[in-house]
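A.B. asks: sequence plus the predicted model coming up.
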Amino acid sequence: MIDQFKAAFFEEAAELLENLETSLLDLENDLNNRELLESVFRVMHTLKGSAGMVELNAVEAFAHELETAFDKVRDGKLQMTDQLTSLTLRAKDQIQNMISESGDYDQQEVQEIIRLVKNMVGEKTEKSDVSEERTDVKESQEKAVKKLFAIHFKPAETLLINGSNPFFLLEELQELGECTIIMNASRVPDLESIAPENCYLEWQIIICTAKTHNDLEDVFIFVVDDCELNVRELADDAGYDLEEIQKDLKDLTTDDTFLGDAELQSVFDRHKKQQPEPPQPTEPQKIIQKTENSAPKTVENKPAPAQNINATPEKSAVRKDAKEATIRVPSGRLDELVNLVGELVTLNARLTQHTLSQDDQELTGISESLDRLTSQLRNSALNMRMIPVGTLFSRFSRLARDLGRELNKDIELFTSGEETEMDKTVIERLNDPMVHLIRNCADHGIESTEDRIAKGKPANGTISLTAQYSGAHVMIQIKDDGKGLDIEAIRAKAIDRGLIDPDTRVSDTELFQYVFHSGFSTAKQITKVSGRGVGLDVVRRTIEELRGTITLFSEPGIGTTFTLKLPLTLAIIDGLLVSIGDGYYVLPLSSVHECLEFSRAQVGTDQDQNLVNLRGKLVPYINLRNMFGITTEEPEIQQVVIAEINNQYIGFVVDNVIGQHQTVIKSLGKISQDLEGLSGATIMGNGSIALILDIFGIYQKALLQGAV
């Protein structure tokens with residue numbers, strides 16, 4: 001059971017740490033933001049409590065030290081500084097390592113962080129020396145006025161299933177003060193009806209503590225959505241009214257389970273004994289007291305109103321609905337669902353093909369209904385795997401911050417389009433390529449502060465990340481406002497490496513693409529961040545493996561923009577089915593612009609390039625028969641599929657265009673996976689295999705061969 005709880009903790013802790021990093025980076029820019037400060041404290045408090053529940057003592061102890069520091073910041077005893085932010089970010093990295101699959105972390109780093117945090121807290125509370133400080137703290141705690149609070153804690157029956165243990169919470173309460181705990185077992189069903197994993201108990205607690213109302217509520221932060229909780233202050237040392245307090249207790253809960261008058265009086269007596277004796281007043285103070293006491297008083301002492309976390313039934317209902325609207329499902333189950341839907345799509349294609357050969361209207365109607373439902377199921381299954389791009393973008397604020405400090409540059413990161421959704425697999429594989437692109441922008445693109453000011457630019461350099469839909473694709477741009485690329489340096493480097501001839505006419509757009517070649521770099525010096533010419537070729541390879549494209553545009557003095565065009569999903573796509581010779585092939589329908597009959601009269605050449613006339617505009621084309629070495633007899637009439645690649649039209653000559661095809665993508669085997677121009681395969685309705693064309697890869701190969 002503890003392993004199940006740990007798995008749930010690891011998953012939630014990962015989300016908490018992401019939120020922690022975001023809150024810390026925002027707090028760094030707004031040190032007085034109380035809401036962000038509370039958010040950081042809650043994360044630390046939750047991590048500490050949850051780690052303790054699953055017996056991860058190292059994480060619990062580490063989080064406790066940081067929680068203590070931020071608790072002092074909340075109370076105004078410690079100032080929020082850039083140093084504390086940096087230490088907490090370092091701590092976040094180590095906690096992330098602690099909860100990783102390997103569990104390896106730098107123990108020396110953890111101890112160093114703890115030492116620095118303790119020193120920081122000590123410096124701010126220091127009086128004269130350490131011994132005096134400890135004495136002052138102890139005396140302060142002893143002199144603190146304690147209050148009585150009543151707490152009604154009613155866990156949901158599913159609390160244990162969700163990985164929480166109410167007894168740990170009660171133990172934490174007991175650490176805050178003297179508790180009288182009354183258990184209510186009225187919800188426990190008959191023995192034959194009991195579900196062992198359910199929690200049927202609830203508790204009423206009276207606690208005598210110097211802590212605040214918020215401190216008591218913080219104990220239950222981790223389970224606030226899985227319980228009914230009421231916390232009410234009953235009295236302080238000013239006096240007690242048993243009748244009023246009993247009335248408050250009845251308002252706190254409908255259950256008649258709290259203490260009677262005699263028991264309450266006993267609690268009050270113990271409470272009074274814990275209150276510090278008031279200091280003996282000096283003579284002037286006695287005179288003032290006597291004068292004050294002689295005046296008539298009309299102040300009415302009333303218990304503080306209850307502060308209920310579940311403030312109203314309406315709010316509770318809204319929160320419950322919001323909770324029921326989401327559910328955690330292992331990604332493996334979603335993968336299995338998508339695979340099964342893919343098999344259903346293939347089977348549906350077979351049924352459709354069979355239906356066309358039968359003269360049966362009823363069968364045709366059933367086939368059409370099944371086709372419609374299959375399409376809806378496919379879309380729903382794929383949408384389950386969609387997550388916002390913002391989950392990816394949020395990781396890079398820290399990267400930009402750290403790069404700015406490492407390179408001694410002022411760098412700001414801006415994001416937009418975070419709500420754009422993509423397949424989870426695509427987003428996971430995009431992390432490393434985008435890290436490399438951002439590092440390039442920071443190192444090679446953004447100038448130093450002095451150079452920017454000299455050029456009349458703002459001192460702060462900016463890197464912008466944007467995402468937006470483009471048909472069945474998502475366009476992601478990484479843009480900086482730096483110095484841009486030196487096109488002549490790129491040309492010279494390409495000539496030096498033999499990639500182009502000195503006399504060859506090459507456009508700037510084509511020259512920019514050479515930076516994606518392995519080992520290609522125009523950097524004059526190598527830095528720790530980049531400059532070795534290793535990386536952009538890997539970036540392009542990764543993007544192409546995702547069936548996407550990457551393009552580059554740069555203006556000297558203005559900046560550089562990388563544009564990634566990626567499919568929404570990698571599982572099922574709408575394709576255009578074509579035939580060449582005896583084989584079938586699929587082109588991504590989202591890239592297809594139109595289809596034309598291939599007439600010899602429309603064909604022309606320009607510097608050994610094949611061109612087709614598209615309504616007065618010459619468009620280069622690639623004959624796929626020649627590309628794949630297909631030697632069967634050509635049909636008298638062929639067709640050309642016009643596709644859009646890198647914002648220009650390219651034609652692909654095929655024997656026949658069959659039509660639209662729902663394509664379930666299957667990976668190629670190890671023998672065929674490295675074949676250029678192919679990105680996968682699919683099974684058609686008749687059981688035969690069609691190969692999925694990588695039209696961008698085919699275009700790149702044709703460019704190298706000088707065919708286009």
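C.D. replies: All right, it came through fine. Residues are numbered from 1 along each chain as shown.
A.B. asks: report the contact partners of residue 177.
C.D. replies: 146, 207, 208, 209, 210, 211 (CB atoms under 8 Å, 6 or more residues apart in numbering). Glycine gets a C-beta too; all of them are placed from N, C-alpha and C.
A.B. asks: correction: residue 628
C.D. replies: 580, 677.
A.B. asks: ok, it to residue 699 distance?
C.D. replies: 14 Å (CB to CB, to the nearest Å).
A.B. asks: likewise for residue 482?
C.D. replies: 29 Å.
A.B. asks: look at the two and report which has more neighbours.
C.D. replies: residue 482 (26 against 21; other CB atoms under 10 Å).
A.B. asks: tell me where the model's unsure across this structure.
C.D. replies: 1-5, 123-145, 235-326, 522-534, 600-609, 669-674, 707 (pLDDT under 70).
A.B. asks: max-length helix in it?
C.D. replies: helix 2-29 (DSSP state H).
A.B. asks: the contacts of residue 177 in strands, which ones?
C.D. replies: The members of those that map onto strands under DSSP state E are 207, 208, 209.
A.B. asks: and those as a markdown table, adding distance to residue 164 and neighbour count?
C.D. replies: Below are the ones in strands among the contacts of residue 177 laid out as a markdown table (distance: CB to CB, whole Å; neighbours: other CB atoms under 10 Å):
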| residue | distance to residue 164 | neighbour count |
| --- | --- | --- |
| 207 | 20 | 24 |
| 208 | 26 | 23 |
| 209 | 22 | 20 |
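A.B. asks: export these to TSV and tack on distance to residue 62?
C.D. replies: Shown next, in TSV, are these (distance: CB to CB, whole Å):
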residue	distance to residue 62
207	28
208	31
209	26
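A.B. asks: so where do the helices sit in the stretch 51-200 of the chain?
C.D. replies: For the stretch 51-200 of the chain, the helices defined by DSSP state H, counting those that start in this stretch occupy 57-74, 82-98, 107-125, 130-143, 166-176.
A.B. asks: out of the ones you listed, the one nearest residue 577 is which?
C.D. replies: helix 82-98 (46.3 Å; CB to CB).
A.B. asks: tell me the angle the closest one makes with helix 107-125.
C.D. replies: In terms of direction (axes from the mean of the first three to the mean of the last three CA atoms, to 10 degrees), helix 82-98 departs from helix 107-125 by 150 degrees.
A.B. asks: and helix 82-98, which residues are buried?
C.D. replies: Residues 84-96, 98 are the ones in helix 82-98 that count as buried (16 or more other CB atoms under 10 Å).
A.B. asks: closest to residue 423 among the residues you listed?
C.D. replies: Among the buried residues of helix 82-98, and counting by CB to CB, the member closest to residue 423 is residue 96, at 24.4 Å.
A.B. asks: residue contacts, the closest one?
C.D. replies: 14, 17.
A.B. asks: on the three-state scheme, the most centrally placed residue in the chain is what?
C.D. replies: Ranked by distance to the mean C-alpha position of the chain (CA atoms, centre = their mean), the top residue is residue 391 at 3.0 Å. Judged by DSSP: H, G, I helix; E, B strand; the rest coil, the three-state class of residue 391 is helix.
A.B. asks: against residue 622, how distant is it?
C.D. replies: From residue 391 to residue 622 the distance is 38 Å (CB to CB).
A.B. asks: for residue 94, same thing?
C.D. replies: Distance from residue 94 to residue 622, by CB to CB: 53 Å.
A.B. asks: what of residue 610?
C.D. replies: Computed as CB to CB, the residue 610 to residue 622 distance reads 7 Å.
A.B. asks: before we move on, what about residue 330?
C.D. replies: For residue 330 relative to residue 622 (CB to CB), the value is 43 Å.
A.B. asks: neighbour count for the two, which is higher?
C.D. replies: The neighbour count for residue 330 versus residue 622, taken as other CB under 10 Å, is higher for residue 622 (24 against 10).
A.B. asks: what's the closest non-adjacent residue to that one?
C.D. replies: Distance criterion CB to CB, 6 or more residues apart in numbering; nearest residue to residue 622, sequence neighbours excluded, is residue 702 at 5.0 Å.
A.B. asks: the domain parsing of the protein - what is it?
C.D. replies: 2-139, 144-275+304-310, 333-385, 388-567, 572-705 (automatic domain parsing).
A.B. asks: pretty sure residue 658 sits in a helix.
C.D. replies: No. Using three-state DSSP, the assignment for residue 658 is strand, not a helix.
A.B. asks: quick one: contacts for it?
C.D. replies: 577, 578, 579, 584.
A.B. asks: and with 7 Å instead?
C.D. replies: Residue 658 makes contact with 577, 578, 579 under the criterion CB atoms under 7 Å, 6 or more residues apart in numbering.
A.B. asks: wait, doesn't residue 552 sit right on residue 564?
C.D. replies: No. With contact defined as CB atoms under 7 Å, residue 552 does not reach residue 564; the gap is 10.6 Å.
A.B. asks: higher neighbour count, these two?
C.D. replies: Neighbour count, other CB under 10 Å: between residue 552 and residue 564, residue 564 has more, with 22 against 19.
A.B. asks: which strand residues bridge the more buried one?
C.D. replies: Residue 564 has these beta-bridge partners by DSSP bridges: residue 476, residue 550.
A.B. asks: who touches it in this structure?
C.D. replies: Residue 564 neighbours (CB under 7 Å, 6+ apart): 476, 543, 548, 550.
A.B. asks: how about the closest residue to residue 514 other than its chain neighbours, what does it touch?
C.D. replies: Spatial nearest neighbour of residue 514, excluding adjacent residues (CB to CB, 6+ apart): residue 494 at 4.8 Å. Contact analysis of residue 494 by CB under 7 Å, 6+ apart lists 500, 511, 514.
A.B. asks: please look at the residue nearest to residue 622 and residue 695 and confirm they touch.
C.D. replies: No. Under the criterion of CB under 7 Å, residue 702 is not in contact with residue 695, lying 10.3 Å apart.
A.B. asks: hang on, the earlier thing: now do the longest helix of the chain against helix 82-98, angle only.
C.D. replies: Using the same axes, to 10 degrees: helix 2-29 against helix 82-98 is 160 degrees.
A.B. asks: ok, and for helix 2-29, which residues are buried?
C.D. replies: So helix 2-29, judged by 16+ other CB under 10 Å, has buried residues 5-6, 8-9, 12-13, 16-25, 27-28.
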